[in-house]
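Peer 1: Have a look at this prediction, sequence included:
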Amino acid sequence: MATDTRQPQPRPRHRLNRWWIWGPLLLLSLLAGGWLGLKYSSTGKRAELGAGYIAHVVCSCRYVGNRDMASCKTDFEPGTEIVDVEDDTAARRITASVPLLAKRSAQFDPEYGCTLDKP
């Protein structure tokens with residue numbers, strides 16, 4: 001009876017190298033899917049609503065009520081602390097945003113007051 005004297009073949013290294021390419025792509029696609037899921041779910045809609053509400057409230061406080069930004073922050077409802085607010089005094093525009101999810105702006109017009117821009 002003959003014995004098999006062949007050595008076992010080493011595993012090819014190109015399989016390991018594939019993970020350096022496909023691993024980050026898989027992770028990136030999972031992150032993008034999660035972000036899209038949040039953005040277009042009820043969470044994203046609530047973020048859009050909250051950003052619009054804060055933009056309008058702060059615009060009215062700032063330009064109709066002639067109050068400063070520190071005073072306007074006291075008008076925030078509980079739960080809206082995550083919303084960031086930017087003031088463009090030259091354009092009389094307030095921009096409120098929820099990081100990575102929503103951004104809305106309200107602009108003051110002397111005839112119409114504060115109006116939200118279209119999303």
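Peer 2: Nice, I can see it.
Peer 1: now the strand ranked longest in the chain, how far from the centre of its chain.
Peer 2: The longest strand of the chain (DSSP state E) is strand 102-109. Its chain's average C-alpha position is 17 Å from that of strand 102-109, according to C-alpha atoms, centre = their mean, to the nearest Å.
Peer 1: One more: stretch 34-54?
Peer 2: Taking C-alpha atoms, centre = their mean, the mean C-alpha location of stretch 34-54 is offset from the chain mean by 8 Å.
Peer 1: what's the neighbour count on Thr74?
Peer 2: By other C-beta atoms under 10 Å, 8 other residues sit near Thr74. Using the backbone N, CA and C atoms, a C-beta is placed for each residue, glycine as well.
Peer 1: Report the contact partners of it.
Peer 2: By C-beta atoms under 8 Å, 6 or more residues apart in numbering, the contact list for Thr74 is empty.
Peer 1: Could you look up the SS state of it?
Peer 2: What DSSP: H, G, I helix; E, B strand; the rest coil gives for Thr74 is helix.
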